[in-house]
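In: no sequence for this one, just the structure:
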């Protein structure tokens, strides 16, 4: 911004104050643009709040849409020291008596004792060891290596098919190389072979011996069905149920699989709460930052319509109101927990279809609606893009005005400084003339005397 040094000193004219007052008037249009820009930014922020509320609502709706993130069934073991159990949504209610006859074990082997792990070498240069599990094998060099070097070679082999090596120090003069199959079961038992530098079979220079035999898990279900698996985690014996075997048992242990009404109740209540929270947000924004914006009313109408409309699916229930979800006078919804419990006990599948049918379900349709609203090509993004474009336009206008104001201020300062100089000269001329007139008067008076 241009400046004038000591403006107004010549005539006493306050040039700076005059220019400042004029510039305040010139800045009025910019202030109007700033006010409009602030208004648009507030609306953009409000749409961000709406987006966040919709995303939160969609998360809750997603749990009802397919019930994928909630467990519809619970599985309870009669003795969790023997086994624990977990049921997924493919389970069926029922009870079982299970006798755990055997646990799956991993195959283990150990070498003969060595005096140390990092000095004494094994075999001769070029000796190799081939380790096999099933049909998968890999070979490592062991000749001339210490136990630690062999351990490292096995663990770092890029084609290691599932064998872990270790060192056990029994005392200061007794070290063992150990091998453990990383998976349990007979099919994962290890076998070893050794060869010299000419690929000829040789005797085991490590003197490896079995320390634990591989074993399969075995259980008897309902005194009728013998289940044998390689792992203690069994998910393919009882439909929808995963058993984690922990110990064998002398007596049968009960397993009860039931529908978990409590988790469904909680999920439906969360949906009700999420809808009411979203509605509160819509109401607040409609009465404030987004007053008069038709997007909010349209959205609320669409969502409430989907909750209240008929769902054309098989089963006893076609409306959310049938299972205890009802609209209140203020537009919120409320859950009658007793009615929902009755519905679940009467027709569990119909309740789940009412929400999650992949064409008609309430949650399915709501999820699709919100997804469309939140889509990058959706309505909210379009409204935000429109507002951002307006803000950018205002900013361009404001920058242009600010540039012109700089020119205007410079012009004002030049004009009033010129006026100041002129007034100063006129004042000096006036003073000179006054002095001359006073001199003439004094001269005339002296002649008359």
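Out: Alright, I've got the coordinates. Predicted model, so just to flag it, every value in this text is computed and none were measured.
In: C-alpha from now on. contacts and neighbour counts both.
Out: Noted.
In: Now do the helix or strand hosting residue 383: which elements does it pack against?
Out: Assessed by DSSP states H and E, residue 383 sits inside helix 379-448. Using 3 or more Cα pairs under 8 Å, 6 or more residues apart in numbering; DSSP states H and E as the contact test, the elements touching helix 379-448 are helix 15-26, helix 28-64, helix 362-374.
In: quick check: angle from the first one to helix 379-448?
Out: If you take axes from the mean of the first three to the mean of the last three Cα atoms, to 10 degrees, helix 15-26 sits at 150 degrees to helix 379-448.
In: Any stretches of the stretch 151-300 of the chain with poor pLDDT?
Out: The model of the stretch 151-300 of the chain has no residue with pLDDT under 70.
In: which residues in it form helices?
Out: Secondary structure of the stretch 151-300 of the chain (DSSP state H, counting those that start in this stretch): helices at 261-286, 294-308.
In: quick one, which of these is packed in tightest?
Out: Among the helices of the stretch 151-300 of the chain, ranked by average contacts under mean count of other Cα atoms under 10 Å, first place goes to helix 261-286 (a mean of 18).
In: helices or strands up against that helix?
Out: Judged by 3+ Cα pairs under 8 Å, 6+ apart, helix 261-286 is in contact with helix 28-64, helix 294-308, strand 333-335, helix 337-346.
In: at 7 Å instead, please
Out: The contact analysis (3 or more Cα pairs under 7 Å, 6 or more residues apart in numbering; DSSP states H and E) places helix 261-286 against helix 28-64, strand 333-335.
In: gap between that helix and the chain center?
Out: 21 Å (Cα atoms, centre = their mean, to the nearest Å).
In: between it and helix 294-308, how many degrees?
Out: Helix 261-286 runs at 160 degrees relative to helix 294-308, counting by the same axes, to 10 degrees.
In: how about the helices and strands packed on helix 261-286 in JSON lines, adding mean pLDDT, distance to residue 356 and mean neighbour count?
Out: Shown next, in JSON lines, are those (pLDDT from 0 to 100; distance: least, Cα to Cα, whole Å; neighbours: other Cα atoms under 10 Å):
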{"stretch": "helix 28-64", "mean pLDDT": "91", "distance to residue 356": "6", "mean neighbour count": "18"}
{"stretch": "strand 333-335", "mean pLDDT": "95", "distance to residue 356": "18", "mean neighbour count": "19"}
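In: Around residue 135, how many other residues sit close by?
Out: For residue 135, the number of neighbouring residues by other Cα atoms under 10 Å comes to 8.
In: and if you look at residue 171?
Out: For residue 171, using other Cα under 10 Å, the count is 9.
In: Show me the beta-bridge partners of it.
Out: Judged by DSSP bridges, the bridge partners of residue 171 are residue 174.
In: Kindly report the same for the one 10 residues further on.
Out: With DSSP bridges applied, the residues forming beta bridges to residue 181 are residue 163.
In: Report the angle between the helix holding residue 383 and helix 28-64.
Out: Interaxial angle of helix 379-448 relative to helix 28-64 (the same axes, to 10 degrees): 160 degrees.
In: hang on, the earlier thing: any chance of the helices of the stretch 151-300 of the chain in CSV, plus distance to residue 232?
Out: Output for the helices of the stretch 151-300 of the chain, formatted as CSV (distance: least, Cα to Cα, whole Å):
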stretch, distance to residue 232
helix 261-286, 28
helix 294-308, 45
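In: do you know which of these lies nearest residue 154?
Out: Among the helices of the stretch 151-300 of the chain, helix 261-286 comes nearest to residue 154, with 48.0 Å by Cα to Cα.
In: circling back: tell me which of the helices of the stretch 151-300 of the chain sits nearest to residue 381.
Out: Residue 381 lies closest to helix 294-308 among the helices of the stretch 151-300 of the chain, at 11.8 Å (Cα to Cα).
In: Show residues contacting that closest one.
Out: Contacts to helix 294-308, defined as Cα atoms under 7 Å, 6 or more residues apart in numbering, come from residues 282, 286, 319-320, 362, 366.
In: which stretches of the stretch 301-449 of the chain have low pLDDT?
Out: By pLDDT under 70, the weakly predicted segments of the stretch 301-449 of the chain are 448-449.
In: Report how many residues lie close to residue 338.
Out: By other Cα under 10 Å, the burial measure for residue 338, its neighbour count, is 12.
In: Relative to residue 361, how far out is the closest residue to it other than its chain neighbours?
Out: Counting by Cα to Cα, 6 or more residues apart in numbering, residue 324 is the residue found nearest to residue 338 once chain neighbours are left out, at 7.7 Å. For residue 324, the distance to residue 361 equals 16 Å [Cα to Cα, to the nearest Å].
In: Over to residue 217?
Out: 43 Å.
In: same thing with residue 104?
Out: Distance from residue 104 to residue 361, by Cα to Cα: 44 Å.
In: ok, now residue 406?
Out: Residue 406 is 63 Å from residue 361, by Cα to Cα.
In: ok, these two, which is more surrounded?
Out: Neighbour totals were compared for residue 406 and residue 361, and residue 361 leads with 26 against 13 (other Cα under 10 Å).
In: Backbone dihedrals for the closest residue to the more buried one other than its chain neighbours, both of them.
Out: Leaving aside its chain neighbours, residue 361 sits nearest to residue 355 (4.5 Å; criterion: Cα to Cα, 6+ apart). With angles defined as degrees, to the nearest 10, residue 355 sits at phi -90, psi -40.
In: hang on, residue 355 packs against residue 362?
Out: Yes: with contact defined as Cα atoms under 7 Å, residue 355 counts as touching residue 362 (4.7 Å).
In: Pull the most distant pair out of the contacts of helix 294-308.
Out: Within the contacts of helix 294-308, 286 and 319 form the most distant pair, 28.7 Å apart (Cα to Cα).
In: if we can go back for a sec, want to throw the helices and strands packed on helix 261-286 into CSV with distance to residue 234?
Out: Output for the helices and strands packed on helix 261-286, formatted as CSV (distance: least, Cα to Cα, whole Å):
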stretch, distance to residue 234
helix 28-64, 27
strand 333-335, 39
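In: For residue 395, find the nearest of these.
Out: Closest to residue 395 of the helices and strands packed on helix 261-286 is helix 28-64 (Cα to Cα; 7.8 Å).
In: Centre of the chain to stretch 295-307, how far?
Out: Distance of stretch 295-307 from the chain centroid (Cα atoms, centre = their mean) equals 27 Å.
In: ah, wrong one, I meant stretch 87-107
Out: 34 Å.
In: which parts of it are buried?
Out: Of the residues in stretch 87-107, 87-89, 91-92, 96-107 count as buried by neighbour count, 16 or more other Cα atoms under 10 Å.
In: And stretch 326-337, by the same measure?
Out: Of the residues in stretch 326-337, those buried (16+ other Cα under 10 Å) are 326-327, 332-335, 337.
In: how long is that stretch from one end to the other?
Out: The straight-line separation of the ends of stretch 326-337 (Cα to Cα) is 11 Å.
In: Kindly report the same for stretch 88-107.
Out: End-to-end span of stretch 88-107 (Cα to Cα): 31 Å.
In: Also stretch 310-324?
Out: Using Cα to Cα, the two ends of stretch 310-324 sit 14 Å apart.
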